[in-house]
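> model this:
(one chain, ligands or ions: 1)
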Amino acid sequence: MSHDPFRMGFHLMPPVGWLNDPNGLCQLDGIYHVFHQYSPEWPTPNAPRGWGHFWSHDLVHWQGGSRGFAIAPDTADEASGAYSGCAVPFGGGVRLYYTGNVKEPGDFDYVHAGRRSAQILIEAKADPASLGGIALGEKNVLLRNADYPAFCTCHVRDPKVWRENGSWWMLLGARDLDDRGLALVLRSGDGCTWDNAGTVRPTSPFGYMWECPDRIELEGREWLSFCPQGMRDLPWANDVDDQSGYVPLPEGERLAAGAEVDARTFRRWDYGFDFYAPQSFVDESGRTILIGWMGMPEADFAGAPNDMTWCHCLTVPREVTAGKDGALLQRPVHELESLRDKRHELADGGSLTLGEHRADVLLAHPEGPLELLLDDALVISWDGAELVLRFTDEAVGCERAERTAACNDLRNLRVLVDNSAVEVFANDGELAFATRWFPRSDNLRIDTKGQSLCIIWEMGDGMAGTYE
Ligand code: FRU
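So this is what the prediction gives:
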């Protein structure tokens, strides 16, 4: 692990195997827990999928990762995977809700038949004697397909649970019999026995399936985050089926009451190549923190160069706050600044070579068009109208070329480089771009153009001890 040039210093990645969605995000007695979809035996076909687990006191130094499944797909209700789910603080511990996925052997379309989807509850308690300081209890199946509304196909999954006004509420991502994506709303008095309570649908069709619904509440207002599938034909979709974004609820409306959301207000969480299935949680200090999967279901790279034995990573934790006109801002949590080490400054035309591929780059007050070139392979540029992320060396970018976002006023730009991950944040988190890259050289070279002072910090390795 320690000799892998693509291993990250501040992005969570599996030591071996496949990682996808972040799951069960929470903070319990001071300890942050990040569970995630995990197939340790990948690339073996149909490798079992369950939950992996990392934990941290500061969102920067992590432990865990190498210890197999935290939730193994070991019951009949999750034989094809312990799929995504969430954590809800309760009674001094947390409740974990997730989907057990079962694909029956046989000749099925797995949309209308052949797939079972159960919602499962595990109670977890803080326990200093347990791995990561958390002890997971037994599994309880709460809901099966017969419990969902009759208009649903077999695709119902990814519970998001919260408490409001004395009730428990659950959102489930779903595909209906007309191939329309939606979220189901369920209500419960105790978090165990659930009734269907409504739906959240778009005012006009918006994808055939919604994965990973999430609810964000800030300043009394709610947002629905979700991942609509089947979006390829939309003009902004970059030919990609699976998208990830959010819509603000109109002032005064609540998801719990069911809602119609206006798809025209959908904003993408991230404009980079590798971002999907984000999940939010509120930490013990009240911050809303979002972590995304830095990968895609239909990734252009199945693995990575050099026969890597691991695939995908998560984004850095991003603090989410309310912006203007229903927009959400995402900023890397301030804890990451504790990894900042030696500081450099570059003026127009300057260049710098660092010994490690880890840097925090800040252009605090851009004064016109600019360009930042990393390793002669990846350009981040702004021309007054668009912010652009472009691979000039497509092999380094796994044959991906360019992503853009409209931006006619650039007030600040921050770029986090972490070995095989790059995250770009503009205008205090109005725009974000997450992308994987696979640089060839051991050194990181940074070239700048434009009348903007560029501050570069070398970044430490927060994860040197993670996989021991
Ligand atoms: C999203 C997703 C979820 C599902 C999980 C399975 O990436 O497809 O809908 O629960 O991944 O790993």
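
> Would you mind writing the CA trace of stretch 123-130 as CSV?
C-alpha atoms of stretch 123-130 as CSV (Å, rounded to 0.1, in the frame of the first residue of the first chain):
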residue,chain,number,x,y,z
GLU,A,123,-29.1,-0.5,16.1
ALA,A,124,-25.5,0.6,16.9
LYS,A,125,-24.1,1.9,20.1
ALA,A,126,-20.9,3.7,21.1
ASP,A,127,-18.6,1.0,22.6
PRO,A,128,-14.9,1.8,23.3
ALA,A,129,-14.2,-1.9,23.3
SER,A,130,-15.5,-2.4,19.7
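
> Looks like I380 contacts L374 (just checking).
Yes: the pair I380 and L374 qualifies as a contact (Cβ atoms under 8 Å) at a distance of 7.5 Å. The way it works is simple: take the backbone N, C-alpha and C, and place the C-beta from them, glycine included.

> could you pull out the strands for the stretch 51-200 of the chain?
62-64, 82-90, 93-103, 115-126, 134-143, 152-164, 167-176, 181-188, 194-202 (DSSP state E, counting those that start in this stretch).

> want to try CSV for those, with distance to the ligand, mean neighbour count and mean pLDDT as columns?
Listed next are the strands of the stretch 51-200 of the chain as CSV, based on distance: least, Cβ to the nearest ligand atom, whole Å; neighbours: other Cβ atoms under 10 Å; pLDDT from 0 to 100:
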stretch, distance to the ligand, mean neighbour count, mean pLDDT
strand 62-64, 19, 20, 94
strand 82-90, 3, 24, 98
strand 93-103, 6, 23, 98
strand 115-126, 9, 20, 98
strand 134-143, 15, 17, 97
strand 152-164, 5, 23, 98
strand 167-176, 6, 24, 98
strand 181-188, 11, 22, 98
strand 194-202, 16, 18, 98
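
> sorry, back to before: and for I380 and L374, which residues touch both?
Listed as contacting both I380 and L374 by Cβ atoms under 8 Å, 6 or more residues apart in numbering are V415.

> now the residue of the stretch 351-468 of the chain found nearest the ligand: how far from E298?
Nearest to the ligand in the stretch 351-468 of the chain, going by Cβ to the nearest ligand atom, is A434, at a distance of 14.8 Å. Going from A434 to E298 by Cβ to Cβ, to the nearest Å gives 16 Å.

> Now for the residue lying closest to A135 once chain neighbours are set aside: which residues touch it?
Among residues not flanking A135 along the chain, D127 sits closest, at 3.8 Å (Cβ to Cβ, 6 or more residues apart in numbering). Taking Cβ under 8 Å, 6+ apart, we find D127 in contact with 133-135.

> For Q37, grab phi and psi.
For Q37, the backbone dihedrals (degrees, to the nearest 10) come out as phi -70, psi 130.

> how much space between it and H53?
In terms of Cβ to Cβ, Q37 sits 11 Å off from H53.

> Quick one: distance of stretch 111-122 to the chain centre.
23 Å (Cα atoms, centre = their mean, to the nearest Å).

> what number of residues lie near the closest residue to P369 other than its chain neighbours?
The shortest distance from P369 to any non-neighbouring residue, by Cβ to Cβ, 6+ apart, is to D383 (5.1 Å). Residues near D383, counting by other Cβ atoms under 10 Å, number 14.

> Over to G220?
Neighbours of G220 (other Cβ under 10 Å): 8.

> begin at 643 from here
Right, with 643 as the first residue, what we last looked at is G862.
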